[in-house]
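Enquirer: kindly generate the corresponding structure for this input.
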Amino acid sequence: MTLTISNLQVSIGGAKILRGVDLALQPGKVHGLAGESGSGKTMTGLATLGLLPHGATTSGRVDLAGRDLLTMPVRELNQVRGKEVAMVFQDPATSLHPMLTVGRQLTEHMRHHLRLDKATARAKAFELLGKVRIPGAEAALKRYPHQFSGGMRQRIAIAVALACSPKVLIADEPTTALDVTVQAGVLRLLRSLCDDLGLAVLLVTHDLGVMSAVADEVSVMKDGLVVETGPRERVLRTPSHAYTRSLLDALPGETA
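Expert: Here you go, the predicted model:
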């Protein structure tokens, strides 16, 4: 399923946060969205799913199979969130509920969106933990998020996002605060899930090194605008915009 963002604009309290963002996510492809902190990357993901703070105003279009998510009634949008478009948030320590078991968090929205009975939902949760490479899945279902490492929590958050078999996945800085070995494992997981499940993935990150490892297409944001988009090798090796060049110059080594 293709998701297309056209001229997306977001204002909060009179300040324009996004100034006309254009992106196109394709099935089976990872689209990297890079830029400095405050450039509007996370806001783009949140706006796509209608998760903006109170008082925010939007314009433009977010097209999912001919439907505009920006103008969709909340009740209908609630059926899209998690089921057709899912999001992995930056910090699984806060996005996962500390008082609910992993099994409960995996099965709850499966039962709501997919109308599965308890046993079927639990069997699918067991399968999902295996898919994201959580060892001892049966025991893991009974444990709480704080009983896992940061890397394992991020894998669980990805499993929660995949629970209802969405076609589009937005991953917001999924490797932040992870050491490089764990980071590499999470990136390999995202890449393999994209390939195996045909997901359209938007990978939000400030790290162009992450982009070089996993993205097919790269867009670079600055001050609420996408200033450059293209295939990974072209953007990271021969950028056409001075801002992209400055980001690359700040890196310690090769990126593509």
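Enquirer: what comes up buried for whichever strand or helix holds Arg234?
Expert: Assigned by DSSP states H and E, Arg234 falls within helix 232-237. For helix 232-237, the neighbour count (16 or more other CB atoms under 10 Å) marks 232, 235-236 as buried. In short, each C-beta sits where N, CA and C put it, glycine included.
Enquirer: and for stretch 84-103?
Expert: 84-92, 95-96, 101-103.
Enquirer: strands - which of these land there?
Expert: Using DSSP state E, the members of the buried residues of stretch 84-103 that fall in strands are 85-88.
Enquirer: what's the closest of the residues you listed to Phe126?
Expert: Of all those, the one with the least separation from Phe126 (CB to CB) is Ala86, at 19.2 Å.
Enquirer: for that closest one, give the beta-bridge partners.
Expert: Per DSSP bridges, the residues bridged to Ala86 are Leu169.
Enquirer: list the contacts for it?
Expert: 161-162, 164, 166, 168-170 (CB atoms under 8 Å, 6 or more residues apart in numbering).
Enquirer: just the buried subset of the residues you listed, please.
Expert: Buried members of the contacts of Ala86, counted by 16+ other CB under 10 Å: 161-162, 164, 166, 168-170.
Enquirer: now pLDDT too, for the ones in strands among the buried residues of stretch 84-103, in CSV please.
Expert: Below are those laid out as CSV (pLDDT from 0 to 100):
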residue, pLDDT
Val85, 96
Ala86, 94
Met87, 94
Val88, 92
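Enquirer: does the residue nearest in space to the middle of the chain count as helix, strand or coil?
Expert: Centroid check for the chain by CA atoms, centre = their mean gives Ala171 as the closest residue, at 1.7 Å. Reduced to three states with DSSP: H, G, I helix; E, B strand; the rest coil, the structure at Ala171 is strand.
Enquirer: what sits against the residue nearest to it when sequence neighbours are not counted?
Expert: Distance criterion CB to CB, 6 or more residues apart in numbering; nearest residue to Ala171, sequence neighbours excluded, is Val88 at 4.4 Å. Neighbour list for Val88: 95, 154, 157-158, 161, 169-172, 174 [criterion: CB under 8 Å, 6+ apart].
Enquirer: please report how far Val88 lies from Gln154.
Expert: 8 Å (CB to CB, to the nearest Å).
Enquirer: same question for Asn78.
Expert: Separation of Asn78 from Gln154 (CB to CB): 25 Å.
Enquirer: show me which of the two is the more surrounded one.
Expert: Each of Asn78 and Gln154 has its neighbours counted (other CB atoms under 10 Å); Gln154 has more, 31 against 14.
Enquirer: run the chain-centre distance for the helix or strand where the more buried one lies.
Expert: Using DSSP H and E, Gln154 falls within helix 150-162. Relative to the chain's own centre, helix 150-162 is displaced by 12 Å; criterion: CA atoms, centre = their mean, to the nearest Å.
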